[in-house]
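**Student:** with the sequence up front, the predicted model follows.
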Amino acid sequence: MKKIVGIPARLGSSRFPGKPMCKILDYTMIEHCYIRSKLSKDIDDVFVAICDDQLKRFCIEKNIKYIMTDPNIQRPSLRVSAACETLDLNDEDIVVVVQGDEPLVTPDMISLSLKPLINNKHIHVSNLCYEISEKEMRDPNEIKVVMDNESNALYMSRSPIPSVEHEEIRQKWFKQVCIMPFKWKFLYDFNTNLSKTSLELQESIEMLRAIQHGYKVRMVISQKKTKSVDCEQDRLDVENLMKDDNFYKLYKKNE
């Protein structure tokens with residue numbers, strides 16, 4: 001079973017244009033995602049799926065493996081899936097989609113996300129999540145998730161879920177972390193044969209396509225706090241977190 005990481009990135013983000021090239025300390029965000037994914041001992045290969053000539057030139061300069069894709073692709077998993085069609089993959093190989101705005105990804109997080117697919121042949125896709133504060137729960141940029149008793153996602157939303165209107169039992173809140181392993185056949189079918197759904201379009205959350213079509217998305221709770229970058233304040237927050245990050249110190253030391 002081959003296990004690879006695909007990192008989708010494009011310069012035309014509507015919320016933060018050019019964000020793959022934004023600097024976080026001494027590296028661009030796309031470099032952090034790529035270098036940190038490469039540190040995983042459970043991964044056989046890492047590439048970035050891109051569509052911009054500027055990113056292509058940057059990848060060549062920095063010796064980052066890249067695959068060019070159609071610039072009209074909007075969804076991250078579709079961009080990675082299109083890139084993977086150029087590779088020699090078997091149905092049961094695993095493709096981990098690591099969003100290009102997750103610069104705090106760690107090798108341990110990738111390993112943790114892989115476990116459900118490795119240990120259970122009936123699971124075809126999993127996602128990381130972690131517990132968040134009430135402030136984060138109310139942030140529309142954060143994708144919240146509620147789970148069933150077997151840790152399968154019931155629903156994901158940018159709105160606060162579960163409800164805070166009735167708090168007879170104090171609930172925990174969890175956010176999706178965009179580290180998403182797929183079996184290759186399921187990733188291909190997900191993007192080729194499953195139609196987009198009303199909830200996916202309403203919430204702008206890809207995983208809702210799988211859920212609304214009746215597929216299980218196994219969530220894995222991580223104790224490692226991360227933060228995606230959707231705006232300039234996020235970049236500043238991540239930069240502060242990165243200063244004390246041991247993985248950053250490791251690759252900064254070895255540069």
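**Tutor:** Yes, it's here. Numbering: from 1, shown residues only.

**Student:** and the strands in the chain?
**Tutor:** Ranges of strands in the chain, per DSSP state E, are 3-8, 23-24, 27-28, 45-50, 66-68, 94-98, 126-132, 144-147, 153-157, 173-177, 179-183, 218-221.

**Student:** reformat those strands as CSV; add mean pLDDT and mean neighbour count.
**Tutor:** To be clear about C-beta, it is placed using only N, CA and C from the backbone, and glycine gets the same treatment. Formatted as CSV, the strands of the chain follow (pLDDT from 0 to 100; neighbours: other Cβ atoms under 10 Å):
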stretch, mean pLDDT, mean neighbour count
strand 3-8, 98, 25
strand 23-24, 95, 16
strand 27-28, 96, 20
strand 45-50, 98, 23
strand 66-68, 98, 18
strand 94-98, 98, 26
strand 126-132, 95, 21
strand 144-147, 96, 20
strand 153-157, 98, 20
strand 173-177, 94, 24
strand 179-183, 97, 25
strand 218-221, 97, 20
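
**Student:** so which of those is nearest residue 245?
**Tutor:** Of all these, strand 23-24 sits nearest to residue 245, with 10.3 Å by Cβ to Cβ.

**Student:** re the thing from before, can you lay out the strands of the chain as CSV showing distance to residue 193?
**Tutor:** Converted to CSV, these look like this (distance: least, Cβ to Cβ, whole Å):
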stretch, distance to residue 193
strand 3-8, 19
strand 23-24, 37
strand 27-28, 35
strand 45-50, 20
strand 66-68, 22
strand 94-98, 16
strand 126-132, 20
strand 144-147, 24
strand 153-157, 20
strand 173-177, 23
strand 179-183, 14
strand 218-221, 21
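
**Student:** and these: which comes nearest residue 163?
**Tutor:** Closest to residue 163 of the strands of the chain, according to Cβ to Cβ: strand 144-147, at 10.1 Å.

**Student:** where does pLDDT dip in this structure?
**Tutor:** 14, 166-170, 253, 255 (pLDDT under 70).
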